[in-house]
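[1] Here is my input, please return the structure:
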Amino acid sequence: MADSDFTTYHFPNMRLFILTVFPFLIFTGIRGQEITDSSIYLVNPEEFYIQMHLHDYHFLIDVRSRLEYRVGRIPGAILAEKSIKLFSFTDTLDRDTPLFLYCAINTRSHAAAELLAEKGFKYIYVLEPGIAGWKSAGKEVDKKRLKRNR
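    Got it, this is the predicted structure:
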């Protein structure tokens, strides 16, 4: 179970989640505001970029699949596609370290943000609406081919 991805573990019925929660997020107008935990912030691409540059010491975490990561990622992003990898990486960090999370459309990054908030992280920024919004805003995407691990 610890090695499952965020989607399977936290949202076994993804269609139900999208049909119930996603419209709520859109209609309640919480963009750029705190969500369920006071340490999680949904921010648009511009604010995400600004906040990353305001914090000299931060971590940018991509919670998409390895294939999605290989196709294109925000420069400097660390891949943490499984919760076990996310925890092994973040367990060594100070809980005041700003974390910047993104996925394709926010489903996985929201789940990861909730897990990290439960672990005590105080500054978690979630890119809304994911890397698609980042690309639409004309922000840089790293498409360099990655070396395969053998």
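
[2] Could you pull out the strands in this structure for me?
    With DSSP state E, the ranges of strands along the chain come out as 40-43, 59-62, 78-79, 99-102, 124-127.

[3] Reformat those as JSON lines; add mean pLDDT and distance to S109.
    To be clear about C-beta, it is placed using only N, CA and C from the backbone, and glycine gets the same treatment. Formatted as JSON lines, the strands of the chain follow (pLDDT from 0 to 100; distance: least, C-beta to C-beta, whole Å):
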{"stretch": "strand 40-43", "mean pLDDT": "96", "distance to S109": "9"}
{"stretch": "strand 59-62", "mean pLDDT": "97", "distance to S109": "8"}
{"stretch": "strand 78-79", "mean pLDDT": "95", "distance to S109": "13"}
{"stretch": "strand 99-102", "mean pLDDT": "97", "distance to S109": "4"}
{"stretch": "strand 124-127", "mean pLDDT": "97", "distance to S109": "5"}
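
[4] Which one of those lies nearest to Q51?
    Relative to Q51, the nearest member of the strands of the chain by C-beta to C-beta is strand 124-127, separated by 5.5 Å.

[5] Going by neighbour count, list what's buried in stretch 115-127.
    115-117, 121-127 (16 or more other C-beta atoms under 10 Å).

[6] Most widely separated two among these?
    K122 and L127 (18.1 Å).

[7] Out of the strands of the chain, which one sits most buried?
    For the strands of the chain, average neighbour numbers computed from mean count of other C-beta atoms under 10 Å are highest in strand 99-102, which has a mean of 26.

[8] Run me through the strand neighbours of that strand, direction for each.
    Sheet pairing of strand 99-102 (DSSP bridges) gives strand 59-62 (parallel), strand 124-127 (parallel).

[9] and the ones you listed as JSON lines, adding distance to G72?
    Putting the strands paired with strand 99-102 into JSON lines (distance: least, C-beta to C-beta, whole Å) gives the following:
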{"stretch": "strand 59-62", "distance to G72": "10"}
{"stretch": "strand 124-127", "distance to G72": "14"}
